[in-house]
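S.K.: structure here, sequence nowhere to be found:
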């Protein structure tokens, strides 16, 4: 199986679905197979998400997420983010079909009870002959994602996608320089208002607004991470300047709603929306229940 040939299985259709013009015929359809990956996701940068995207090309991706004890055993230190927070973030990624935690010592080849996997996908730095041999012994395919495949971000169309029928267009803007569970929660809440069109601040404007050493991550990387969420309909990079750097994108997207959190409620945004006839919504910064409140500034340390 190559990267261009995802794992599929044949599924016979019940007879009642195989009748055509009074003639009984046997039809079958293809179904994506289940593939596994095992990660700690304790440093959720773009390369981790790129790995998951590439792994999902082989089939429906189920992730074996390391427990806090497993992270501690593998690294000699406690996790940066607790299991509940890592799982919450991971479950919100569009390339992930399921997440499971298997307690105890991590096996060479991961297993999820009740899940029949056809392939195991690893990153180049995590594979090896022993791992491949263990997969062969289990009777599942073994696939390796090269480091080269993880270095670049797929090109994205800057032409606004059509809104889902019956939904409103909701625009959000931000820096998203160290993406964390608080951002995930914000997008989750905003998506309840409609299809989310996110505009990520371009590098020069972030430096203008925030000063030296900002942003930490380049605009293409930040846009890619935002776009990886299931709750984001489409993500763009801004082309304007100042607090209203998304003004050109707003003209193209024509949103019904502009949503911000409390920190983003400034820079003339409410006045701009009033002039344009756009509903302006301010959300409180509240973490997912049970999770720690995060900020990019706190994570960066400056």
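M.R.: Now that the structure is in, tell me what you want to look at. None of the values given here were measured: they were computed from a predicted structure.

S.K.: could you list the domains of the chain?
M.R.: Here the domain parsing of the chain from automatic domain parsing is 36-151, 169-300.

S.K.: out of those, which comes closest to residue 161?
M.R.: domain 169-300 (4.9 Å; CB to CB). (Glycine included, C-beta is placed from N, CA and C.)

S.K.: how far away is the closest residue to residue 135 other than its chain neighbours from residue 115?
M.R.: In this structure, residue 135 finds its nearest non-sequential neighbour in residue 142, 3.9 Å apart by CB to CB, 6 or more residues apart in numbering. Separation of residue 142 from residue 115 (CB to CB, to the nearest Å): 17 Å.

S.K.: could you do residue 99 as well?
M.R.: Distance from residue 99 to residue 115, by CB to CB: 11 Å.

S.K.: what do the two both touch?
M.R.: residue 62 (CB atoms under 8 Å, 6 or more residues apart in numbering).

S.K.: before we move on, back to that, so between residue 142 and residue 115, which is more surrounded?
M.R.: Using other CB atoms under 10 Å, the more surrounded residue of residue 142 and residue 115 is residue 142, with 18 against 14.

S.K.: report the contact partners of the more buried one.
M.R.: Counting by CB under 8 Å, 6+ apart, residue 142 touches 119, 120, 122, 127, 131, 132, 135, 136.

S.K.: likewise residue 130?
M.R.: Shown in contact with residue 130 (CB under 8 Å, 6+ apart): residue 108.

S.K.: so which bits of the host helix or strand of it are buried?
M.R.: Assigned by DSSP states H and E, residue 130 belongs to helix 129-138. Residues 131, 132, 134, 135 are the ones in helix 129-138 that count as buried (16 or more other CB atoms under 10 Å).

S.K.: my guess is the first one meets residue 108, correct?
M.R.: Okay, so that is residue 131. Yes: counting by CB atoms under 8 Å, residue 131 touches residue 108, with 5.9 Å between them.

S.K.: give me phi/psi at the residue nearest to residue 135?
M.R.: With angles defined as degrees, to the nearest 10, residue 142 sits at phi -120, psi 120.

S.K.: also the one 3 residues further on?
M.R.: The phi and psi values for residue 145, taken as degrees, to the nearest 10, are phi -90, psi 120.

S.K.: kindly report the same for residue 36.
M.R.: Dihedral angles for residue 36 - degrees, to the nearest 10 - are phi -120, psi 150.

S.K.: quick check, pLDDT for it.
M.R.: Note on residue 36: pLDDT of 96.

S.K.: partner residues bridging the nearest residue to it once chain neighbours are set aside?
M.R.: Excluding its sequence neighbours, the residue lying closest to residue 36 (CB to CB, 6+ apart) is residue 117, at 4.5 Å. Under DSSP bridges, the beta-bridge partners of residue 117 are residue 34.

S.K.: confidence score at residue 117?
M.R.: 93.

S.K.: before we move on, back to that, I'd like the buried residues of helix 129-138 as TSV, with distance to residue 298 and pLDDT appended.
M.R.: Converted to TSV, those look like this (distance: CB to CB, whole Å; pLDDT from 0 to 100):
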residue	distance to residue 298	pLDDT
131	37	89
132	41	93
134	40	91
135	40	92
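
S.K.: quick one: the strands in the protein?
M.R.: Secondary structure of the chain (DSSP state E): strands at 8-12, 19-20, 23-24, 28-32, 34-39, 60-65, 98-100, 117-123, 141-145, 169-174, 195-200, 234-237, 257-261, 279-283.

S.K.: direction included, what does the last one pair up with?
M.R.: Taking DSSP bridges as the criterion, strand 279-283 sits next to strand 257-261 (parallel) in its sheet.

S.K.: residues contacting the strand it pairs with, please?
M.R.: Taking CB under 8 Å, 6+ apart as the rule, strand 257-261 contacts 168-173, 186, 190, 193-194, 250, 269, 273, 278-285.
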